[in-house]
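Enquirer: Quick one: sequence plus predicted model below, questions after.
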Amino acid sequence: MPYARISGTGFYVPPRVVTNDDLVRIGIDTTHEWVVQRTGIEQRRYADEGVGTSDLALPAARDAIARAGLRPSDLDLIVFATLSPEMAFPGSGVLLQQKLGMCDGDDAKLCGAMDIRNQCSGFLYALKVASSAVKAGEARHVLVVGAETHSAAMDLSTQGRTVSMLFGDGAGAVVVSASEEPGGILGTWLGADGRFAEILCQRVWDIRKRPFIPLDEHGVGQVQPSHMWAQMEGRTVFKHAVEKMCLALMQACWATGTDPKDIDLFCFHQANMRINQYVANTLGLPEDKVLHNIQRYGNTTAATIPILLAEAERDGRLKRGMRVAMVAFGSGFTWGSSLVDW
Ligand code: ACO
């Protein structure tokens, strides 16, 4: 059975920086101090109108593929994790395949392309699919992407401030490749509890209704503001996030016989600095081993972990031979952990 290694990483964030003070300037009743104290977020990036999630993913994917020493035509599968695809269907995976030039010409490769809809845990769910395909010998190189365009779907008014201050746009990607060398992705452990599906959700439509979006007298679809924007019970999310993230990390350690002290780097989903500090304090993890970039990007949902990995590789914090733990929690509720020998 081949091993599954992460052979390349990439990331991209749009150039437009939106600070907490910028949110105040557009009319949201908040302060920089309030947001930093509760979340750790100082700024985030917003894509311009006209830019879609697969557009953000494209440079991240190209970067990861090049760093793996590959061409797009070497890929056997694309797994794209996002909660903000360009349209209801098809998913962003096929759009990215086309933008990578894989549908015709020298780099043509009509490999499978799928979307994963597991929100903040989406990258780890996608990594599970990729590493399983590689370990089963069914794919040699799989592109795994986490990308989000949140800025198009946020209530940028005081009413929506609890949610909209948190999120930003961005993309991260890794290539998972078959290898004879022991190590790589040691395992990925996933969990979900559907009882909490509506604690953090964005409804937009209701497929049980006929039609699924109500029409006005002119036949134009009408979406209630409360259905357009994500709804969240923040305190419930916080409470379950810390509990499940601790358990998910311990599950990875038990399954592999790893002492948490032997983990070199912790890449936690960037939902809220306080959640990650709470998890680190509870488990006694040394501060200098826990990566954060939420200050600069906010919560980019499926993109947070691959962006962290790519940045850490570039700034030299993530080196070959290190044991890396990834942990995520999010809407669903869903969660997951993965241990990787880099
Ligand atoms: N600026 C100023 N005041 C605000 C803001 C803001 N941006 N947002 C909310 N408030 C106000 C509320 O209106 C409320 O005022 P009131 O008491 O007059 O009604 C007060 O602050 C307290 O609001 P709460 O929602 O109870 O604030 P809380 O202390 O719970 O903090 C927060 C909100 C930061 C979202 C917190 O619940 C949290 O961290 N939850 C975790 C959720 C999370 O991180 N989600 C990320 C997405 S999910 C994921 O990725 C796992």
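Expert: Thanks, I have the structure now.

Enquirer: give me the number of residues near C111?
Expert: A count of neighbours around C111, defined by other CB atoms under 10 Å, yields 17. Heads up, the C-betas are built off the backbone N, CA and C, glycines and all.

Enquirer: Let me see the ranges of the strands in the stretch 101-250 of the chain.
Expert: 112-116, 141-148, 170-179, 184-192, 200-201, 231-232 (DSSP state E, counting those that start in this stretch).

Enquirer: These: which one's closest to V17?
Expert: strand 170-179 (11.9 Å; CB to CB).

Enquirer: tell me the centre residue of the chain?
Expert: A302 (1.3 Å; CA atoms, centre = their mean).

Enquirer: Could you show which parts of this structure are in contact with the ligand?
Expert: Neighbours of the ligand within the chain, by CB under 6 Å from any ligand atom: 30, 34-35, 38-39, 120, 161-162, 165-166, 200, 234-235, 237-238, 241, 271-272, 275, 299, 329-330.

Enquirer: Drop anything exposed from those residues.
Expert: Those of those that meet the buried threshold are 30, 35, 38-39, 120, 161, 165-166, 200, 237-238, 241, 271-272, 275, 299, 329-330, by 16 or more other CB atoms under 10 Å.

Enquirer: For stretch 257-270, buried residues please.
Expert: For stretch 257-270, the neighbour count (16+ other CB under 10 Å) marks T258, P260, I263, L265, F266, C267, F268, H269, Q270 as buried.

Enquirer: Residue of the stretch 1-150 of the chain nearest the ligand, please.
Expert: T30 (3.2 Å; CB to the nearest ligand atom).

Enquirer: How many residues are close by L56?
Expert: 30.

Enquirer: That one against G10, yeah?
Expert: No - contact criterion CB atoms under 8 Å: L56 and G10 do not qualify, at 11.4 Å.

Enquirer: Now, the buried ones among the residues of the chain next to the ligand that are in helices?
Expert: V35, R38, T39, R161, V237, F238, A241, I275 (DSSP state H).

Enquirer: Those: which two are farthest apart?
Expert: Greatest spacing in those, by CB to CB: R161 and A241 (19.9 Å).

Enquirer: Quick check: closest non-adjacent residue to Y278.
Expert: Excluding the flanking residues, the one nearest Y278 by CB to CB, 6 or more residues apart in numbering is V242, at 4.7 Å.

Enquirer: if I read this right, that neighbour contacts Q277, doesn't it?
Expert: No - between V242 and Q277 there is no contact under CB under 8 Å: 9.7 Å.

Enquirer: neighbour count winner among the two?
Expert: Under the criterion of other CB under 10 Å, the comparison of V242 against Q277 puts V242 first, with 20 against 17.

Enquirer: Quickly note the distance from the residue lying closest to G284 once chain neighbours are set aside to the ligand.
Expert: Spatial nearest neighbour of G284, excluding adjacent residues (CB to CB, 6+ apart): P260 at 7.8 Å. Distance from P260 to the ligand, counting by CB to the nearest ligand atom, to the nearest Å: 21 Å.

Enquirer: show me the contacts for P260.
Expert: L249, M250, C253, L283, G284, L285, A325 (CB atoms under 8 Å, 6 or more residues apart in numbering).

Enquirer: so which of those is the most crowded?
Expert: In these, the most neighbours by other CB under 10 Å go to L249, 25 neighbours.

Enquirer: Surely Q222 and P211 touch.
Expert: No - counting by CB under 8 Å, Q222 does not reach P211; the two are 10.8 Å apart.

Enquirer: hang on, the earlier thing: quick one: pLDDT of the residue nearest to Y278?
Expert: According to the predicted model, the pLDDT of V242 comes to 98.

Enquirer: Quick one: residues contacting it.
Expert: Shown in contact with V242 (CB under 8 Å, 6+ apart): I275, Y278, V279, T282.

Enquirer: show me the contacts for the last one.
Expert: Taking CB under 8 Å, 6+ apart as the definition of contact, the neighbours of T282 are V242, C246.

Enquirer: How is the residue nearest to the centre of the chain assigned, secondary-structure-wise?
Expert: helix (DSSP: H, G, I helix; E, B strand; the rest coil).

Enquirer: Pretty sure it sits against P85.
Expert: No - using CB under 8 Å, A302 is not in contact with P85; the gap is 10.7 Å.

Enquirer: per-residue confidence at the residue of the chain found nearest the ligand?
Expert: The ligand sits closest to G234 of the chain, with a gap of 2.5 Å, by CB to the nearest ligand atom. Looking at G234, its pLDDT stands at 95.

Enquirer: For it, which non-adjacent residue is closest in space?
Expert: Nearest one to G234, counting by CB to CB, 6+ apart, is T162 at 5.9 Å.

Enquirer: Could you do L285 as well?
Expert: Leaving out its chain neighbours, the residue that sits closest to L285 by CB to CB, 6+ apart is F266, at 6.0 Å.
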